[in-house]
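A.B. asks: kindly return the folded structure for what I paste below:
(2 chains)
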Protein chains: 2
Amino acid sequence: MAEFEVTPWEVSGDIDYDELMKRFGTTPIDDALIDRMRKYGEPHLLLRRKIFYSHRDLDKMLDDYEKGKGFYLYTGRGPSGMTHLGHLMPWIFTKWVQDTFGAHLYFQITDDEKFLFKDDMSLEQTKDYAYENILDIIALGFDPEKTHIFIDTEYIHHLYPIALRVAKKITFSTARAVFGFQNSSNIGQIFYTSIQSAPAFLGSVLNGRPTNCLVPCGIDQDPHFRVTRDVAPGLGYPKTTMLYCKLFPSLSGGDKMSSSSPDATIYTTDTPKKVKKKIGRAFTGGAVSVEEQRKNGGNPEVCTVYKYFYYMFEEDDKKLRQIYDECRAGERLCGQCKMELTEKINAFLQRHQENREKAKDRIEEFMLRD
Amino acid sequence: MAEFEVTPWEVSGDIDYDELMKRFGTTPIDDALIDRMRKYGEPHLLLRRKIFYSHRDLDKMLDDYEKGKGFYLYTGRGPSGMTHLGHLMPWIFTKWVQDTFGAHLYFQITDDEKFLFKDDMSLEQTKDYAYENILDIIALGFDPEKTHIFIDTEYIHHLYPIALRVAKKITFSTARAVFGFQNSSNIGQIFYTSIQSAPAFLGSVLNGRPTNCLVPCGIDQDPHFRVTRDVAPGLGYPKTTMLYCKLFPSLSGGDKMSSSSPDATIYTTDTPKKVKKKIGRAFTGGAVSVEEQRKNGGNPEVCTVYKYFYYMFEEDDKKLRQIYDECRAGERLCGQCKMELTEKINAFLQRHQENREKAKDRIEEFMLRD
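C.D. replies: Have a look, this model is predicted:
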């Protein structure tokens, strides 16, 4: 069994996603569940391809939905740097859920978290990044009537009373067991999970009645939401429904795109030239030589370029299959894949950057203020 | 040596205040220091009689003051019940400092703290008590131009960013060592000291420059402020100056008036009849019989009625001495003392209750809002 660790703050080793699901005790999203969602709209590729692959209580929430009980969406972003493709992925899926179910979305920007967990980062820096990240959220085309973005330190007067109710129900031993805190952990870190729990109940508080909440996010966030779900009944709220995705891979072959390796990370603000350069250096499943690859084929299973097609950049399942088969057969070399991916990403980023520019005048349409 | 424990949340055993000062490492307020303050105004009886008996860095703050560097005051109230005389005592002293030095006062009402530390108390209850307590603060006659009262959950958007900066500098092991947290402590309790630290730096933040802060409060609060002072230099703020008082005694002979013994506690809203009844049952230094007391005298050292004269209700030092001597000589019996104290307290409460009633229309004059 592969050695790996996944926490909300760190990923190490090669993630075995099935094993991770077992460790966390979450449920696989099976074909029957995907089929069940089909009546509301064509399943998004991230669901169809099981990038969103695990859940907690999605079936129960759909039961409620069928009985006329709506839900709201909650997801978030920790603003410790500029936005990259790995961040966009679950947000794109969240937009699909919003469009498909007409759900309101509360979008939490956790400037407090990143300040508390990043030694050398100031609150000013995390708030600056917060606004940079918000441009990317808006650029994805969320419905301004139904999307409510807030930054923790700016919206804290609404979050704090909820967070206090959560915090009162979480002992230090629970927090330590779930998050692995040490004696050297700072006391803000220990409290922080209460702040991340708060939006799971914010919709209920603002609606004045218990309301179902669906959180699409990376499976690395499950520790927070295990705690959230545990305290929910005692606070009179429904247990949060979770929809978990795998992490977006790094261009260097690692499991998680991360700003700690900027050369293996495509930012939403990267120029076409930069993207070309980064994709050019991406880790692939190619053989040691062209001759070798023509003869024995490449390995798309380990190839980051193929993964990018799979995760986001080739919507057509047939074309994706074709790329896979051509690679295996040695008919397609890495250069071709890299060129095609570069074109696709740059086309995506061109539109995104236009929308991101326009978003600068639209921030207040989306911000949840008093 | 007497066995006793003093924490911000609990007092047990008979407090040896000199020993407590040694344990905490605070400095006695000596006659030279009192004399030094005399040039600004006649020392308040609570200072003169060394009820305010210990400090941290008061001398340094006075050095600064003499060089033209002002300070602001910060004190607080944990709203877990109605206000009693024990709460008023340090506030009355704080008003004297405000009047004497023309200092601004930030008054923190910690509804979050009391919610987190009182198992059966809701946030709604602590906020209700907050407003009840605020009436008593206003009734004492603080300068509305210079007094800024805030309730934590209402003012949190200003406190939270400061609290985060504090929290990032406090490890769990420090918090556990200082406050004695257990595995069963909730994570809100562990974080809370950061919120109590915040007003010590709020004046600096609002002024836009490091500003000295003087905190008059019960010595039971020292653990919080040891932490506050430790983190101050790293945040670029001056170490908080502390002025500590002894706790106001219970009518039953205990060291601390507390709402857990309502019959031994005089609330600011008590009727004259109730006060008479409670004082009538107070623990005194009287002998077992009138004859015995006439013969051998009483013991004012252990008498709560005498302590009340000493702490608050006999301003005249000569009269106080006379009461003491008459008691010792058997010339004065407990009934007389109780009657005189009842009259004094009821006269005080009559005025206070009138002011408290008027305060209901004056709350917004004092509240620190956005």
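
A.B. asks: contacting residues around the residue in the stretch 201-350 of chain A that chain B sits nearest to?
C.D. replies: As assessed by Cβ to the nearest Cβ, chain B sits closest to A:Val227 within the stretch 201-350 of chain A, at 9.5 Å. C-beta here means a position set from N, CA and C on the backbone, and glycine is covered the same way. Neighbour list for A:Val227: A:170, A:174-175, A:178, A:193, A:197 [criterion: Cβ atoms under 8 Å, 6 or more residues apart in numbering or on different chains].

A.B. asks: name the helices or strands packed onto the lowest-mean-pLDDT helix or strand in chain A?
C.D. replies: Least confident element among the helices and strands of chain A, by mean pLDDT, DSSP states H and E: strand A:11-13 (a mean of 87). Here strand A:11-13 touches strand A:4-6, going by 3 or more Cβ pairs under 8 Å, 6 or more residues apart in numbering or on different chains; DSSP states H and E.

A.B. asks: may I see the buried residues of the strand it packs on?
C.D. replies: In terms of neighbour count (16 or more other Cβ atoms under 10 Å in any protein chain shown), strand A:4-6 has its buried residues at A:4, A:6.

A.B. asks: which residue lies farthest from the center of chain A?
C.D. replies: For chain A, the C-alpha farthest from the mean C-alpha position belongs to A:Glu291; by Cα atoms, centre = their mean, that distance is 39.2 Å.

A.B. asks: check which helix or strand that residue maps to.
C.D. replies: Assessed by DSSP states H and E, A:Glu291 sits inside helix A:290-296.

A.B. asks: can you list contacts of that helix?
C.D. replies: So helix A:290-296 is contacted by A:286-287, A:330, A:333-334 (Cβ under 8 Å, 6+ apart).

A.B. asks: same question for stretch A:13-21.
C.D. replies: With contact meaning Cβ under 8 Å, 6+ apart, stretch A:13-21 is reached by A:1-6, A:27-28, A:53-54, A:219, A:246-247, A:255.

A.B. asks: got the residues of the stretch 101-250 of chain A near chain B?
C.D. replies: A:112, A:115-116, A:123, A:153-154, A:156-157, A:160-161, A:163-165, A:167-173, A:175-176, A:181-188, A:190-191, A:193-194 (Cβ under 8 Å from any Cβ of the partner chain).

A.B. asks: ok, now how distant is the residue minimising distance to the centre of chain A from B:Gln98?
C.D. replies: Taking Cα atoms, centre = their mean as the criterion, A:Pro90 is the residue nearest the geometric centre of chain A, at 3.7 Å. According to Cβ to Cβ, to the nearest Å, A:Pro90 stands 54 Å off from B:Gln98.

A.B. asks: average pLDDT across whatever helix or strand A:Tyr106 lives in?
C.D. replies: Per DSSP H and E: A:Tyr106 is located in strand A:105-109. In this model, strand A:105-109 has a mean pLDDT of 98.

A.B. asks: do the same with stretch A:350-361
C.D. replies: 98.

A.B. asks: which residues touch the residue of the stretch 251-370 of chain A found nearest chain B?
C.D. replies: Nearest residue of the stretch 251-370 of chain A to chain B (Cβ to the nearest Cβ) works out as A:Asp370 at 9.4 Å. Counting by Cβ under 8 Å, 6+ apart, A:Asp370 touches A:His157.
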